[in-house]
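[1] can you look at this prediction? I've put the sequence above it.
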Amino acid sequence: MAVKIRLARHGKKNFAFFHIVVADSRAPRDGRFIERIGSYNPNTNPATIELDSDGALKWLMNGAQPTDTCRRILSYKGILLRKHLQEGVKKGALTQEAADQKWNAWVTEKEGKVSNKKSELAQNSRNSKKAAMEAEAKVKEARAEEIAKKKREEAEKAAAEAASEAQTESSEGDAPAAEATETQE
């Protein structure tokens, strides 16, 4: 029986997540499996990977073959490096302590890279929100200036109309008084 470590698709349309399973290679993709060893969610940034590393290592040491995507996931999580180190210990090329030391050094380096990427993504998100708020504030100020300008123009226009009305009333008021003085003479 050929055993594969592969992905089983779950989730809804256009929003899939995957279970990482150990299955017979003849079984359907989402069908029968031997053991579920983790999950993979590519919808997050960075992708969320939960993996039982001991279970995956056990199956790799027993001869299970990962698919291309699962090989990348196992490499990302360091399971393939751990398998390589364990094979070196079996052959006598290095001791278990040296293998553990190399493994721990790799894990700390990888965790640092992942945390840097997460903080960089968070910083980029904050910067983009800040830039959007500044652009929105500029637009708001421009609109406020435009409204204030229109109000000033309307006030000036109303004042001019009031002044012209007052002038016409005063000139109309002067005309009858002038006529009255002309009639009296």
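    Done, it's in.

[2] grab the nearest non-local neighbour of the one residue sitting closest to the centre of the chain.
    Nearest to the mean C-alpha position of the chain, by Cα atoms, centre = their mean, lies residue 45 at 6.4 Å. Leaving aside its chain neighbours, residue 45 sits nearest to residue 121 (6.3 Å; criterion: Cβ to Cβ, 6 or more residues apart in numbering). Where you see a C-beta, it was placed from the backbone N, CA and C, and this is true even at glycine.

[3] give me the number of residues near that neighbour?
    12 (other Cβ atoms under 10 Å).

[4] wait, a helix at it?
    Yes: applying DSSP: H, G, I helix; E, B strand; the rest coil, one finds residue 121 inside a helix.

[5] state the distance from it to residue 44.
    Look at residue 121 and residue 44: by Cβ to Cβ, to the nearest Å, they are 10 Å apart.

[6] what pLDDT does the model give residue 58?
    pLDDT recorded at residue 58 is 92.

[7] the one 3 residues further on now?
    Model confidence at residue 61, given as pLDDT, is 90.

[8] what's the domain layout of the chain?
    Using automatic domain parsing, the domain parsing of the chain gives 3-94, 96-160.
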